[in-house]
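Visitor: just coords:
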């Protein structure tokens with residue numbers, strides 16, 4: 001029976017290792033930099049949006065809605081189905097060349113919890129239990145107690161990509177995905193994804209890994225002395241800022257320029273009894289979000305950030321008249337072409353070389369391999385128990 005216990009333990013450990021995906025840390029080069037990042041959470045069961053907000057400690061419910069472009073009218077008990085994907089906004093901190101969530105979320109250990117369950121199931125594999133142990137200084141990951149608090153280090157980055165400011169989105173790779181397909185879906189290139197994620201070949205993509213995707217951000221006029229700088233908002237999202245007084249969105253309707261307006265909500269700043277006036281100086285009657293036109297010029301009152309005392313605004317003038325196209329260059333004089341060569345019989349093209357297996361096939365096959373390995377491991381466990389009874 002002793003041999004059976006040893007074999008059983010070895011098989012269980014091997015099976016767990018086979019079904020886990022080692023998450024790589026994401027590069028973040030500017031030491032101490034902070035920014036807003038997004039990560040994809042796949043709900044392990046039926047729940048609601050407020051429970052997810054609480055799990056990840058998202059401060060503002062409306063900003064969780066905005067990260068997913070949900071209507072603001074959605075109730076706090078909105079149902080989230082098992083396997084449904086939700087984007088989580090959080091603050092990223094760059095330290096030691098990598099990016100992790102800034103000391104949040106913090107998970108309180110429940111009765112019966114173990115580290116693999118917390119990492120793989122509660123947080124849908126966004127981190128590994130080894131990473132949780134490392135960032136919490138745990139020498140033995142198996143020694144955790146109910147009520148103990150664990151910092152969950154979500155992977156992220158604040159780096160520019162090809163000289164452009166972006167919002168980094170940690171996406172969980174689905175089985176059957178390819179680097180090329182993901183790049184096309186999110187408007188980037190395969191080369192950019194490979195570089196960002198420390199890969200040299202598309203075949204290295206693994207189902208279940210967190211892939212760093214650079215989402216384009218709207219251009220803005222937010223000052224670098226604003227409390228919400230750097231203000232990066234990804235396409236197709238919105239956010240409430242300036243102590244809840246301003247709502248900003250990023251979409252194609254305003255040619256991917258940050259579009260802000262007074263939120264109409266009560267300020268969360270205890271020093272402000274009401275939201276400060278958001279009028280642009282030098283333009284009578286223009287408030288944040290207002291525009292006026294004169295000839296080819298359009299002047300907008302735009303959001304420029306906020307301080308503990310006030311909300312900052314700026315006047316921005318731009319031309320709205322179409323730029324006249326350049327006149328076509330005169331065509332070259334006609335020159336007769338040289339006589340063609342005598343007709344030569346065409347050659348039969350060589351048959352195309354067989355295509356290499358796609359990255360999607362590799363991922364699908366790999367997923368099948370792990371499942372098959374797990375199945376065999378379980379069968380061996382039962383066989384060992386039967387033989388050594």
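Guide: Received the coordinates, thanks. All figures in this text were calculated on a predicted structure; none of them were measured in a lab. Numbers count the residues shown, from 1 in each chain.

Visitor: wait, residue 297 sits on residue 317?
Guide: Yes: with contact defined as CB atoms under 8 Å, residue 297 reaches residue 317; the gap is 5.5 Å. To be clear about C-beta, it is placed using only N, CA and C from the backbone, and glycine gets the same treatment.

Visitor: show me the contact partners of stretch 246-256.
Guide: Residues external to stretch 246-256 that are found in contact with it (CB atoms under 8 Å, 6 or more residues apart in numbering): 66, 216-219, 231, 233-241, 258-263, 278, 288, 303, 306, 311.

Visitor: contacts only, for residue 317.
Guide: Applying CB under 8 Å, 6+ apart, the residues contacting residue 317 are 297, 298, 299, 300.

Visitor: what strand or helix carries it?
Guide: The secondary structure element spanning residue 317 is strand 311-319 (assigned by DSSP states H and E).

Visitor: can you list the buried residues in that strand?
Guide: Neighbour counts over strand 311-319 (16 or more other CB atoms under 10 Å) mark 311, 312, 313, 314, 315 as buried.

Visitor: quick one: the second one from residue 219, how far?
Guide: Relative to residue 219, residue 312 is positioned 17 Å away (CB to CB, to the nearest Å).

Visitor: what do you get for residue 24?
Guide: From residue 24 to residue 219 the distance is 31 Å (CB to CB).

Visitor: quick revisit: give the ChimeraX command for selecting the buried subset of the contacts of stretch 246-256.
Guide: To isolate the buried ones among the contacts of stretch 246-256 in ChimeraX, judged by 16+ other CB under 10 Å, type:
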select :66,216,217,218,231,233,234,235,237,238,239,240,241,258,259,260,261,262,263,278,288,303,306,311
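
Visitor: tell me the domain ranges of the protein?
Guide: For the chain, automatic domain parsing gives the domain ranges 20-105+154-215, 237-319.

Visitor: format the ones you listed as JSON lines; extra columns: distance to residue 122 and mean pLDDT.
Guide: Output for those, formatted as JSON lines (distance: least, CB to CB, whole Å; pLDDT from 0 to 100):
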{"stretch": "domain 20-105+154-215", "distance to residue 122": "7", "mean pLDDT": "95"}
{"stretch": "domain 237-319", "distance to residue 122": "25", "mean pLDDT": "93"}
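
Visitor: about what we covered before: how far does the strand holding residue 317 sit from its chain's centre?
Guide: Here strand 311-319 is found 30 Å from its chain centre; the criterion is CA atoms, centre = their mean, to the nearest Å.

Visitor: which non-adjacent residue is nearest residue 160?
Guide: Distances taken as CB to CB, 6 or more residues apart in numbering put residue 166 closest to residue 160, at 7.0 Å, once the chain neighbours are dropped.

Visitor: since we're on that neighbour, how many residues are nearby?
Guide: 22 (other CB atoms under 10 Å).

Visitor: any idea how far it lies from residue 26?
Guide: From residue 166 to residue 26 the distance is 13 Å (CB to CB).

Visitor: is the residue nearest to residue 160 in contact with residue 214, as I believe?
Guide: Yes: at 3.9 Å, residue 166 counts as touching residue 214 under the criterion of CB under 8 Å.

Visitor: can you give me the buried ones in the helix or strand containing residue 133?
Guide: Assigned by DSSP H and E, residue 133 belongs to helix 129-135. By neighbour count on 16+ other CB under 10 Å, the buried set for helix 129-135 is 129, 130, 131, 132, 133, 135.

Visitor: quick one: residues contacting the fifth one.
Guide: Applying CB under 8 Å, 6+ apart to residue 133 gives the contacts 115, 141.

Visitor: now do the phi/psi pair for the spatially most central residue of the chain.
Guide: Nearest residue to the geometric centre of the chain (CA atoms, centre = their mean): residue 169, 1.5 Å. Main-chain dihedrals, residue 169, degrees, to the nearest 10: phi -120, psi 120.
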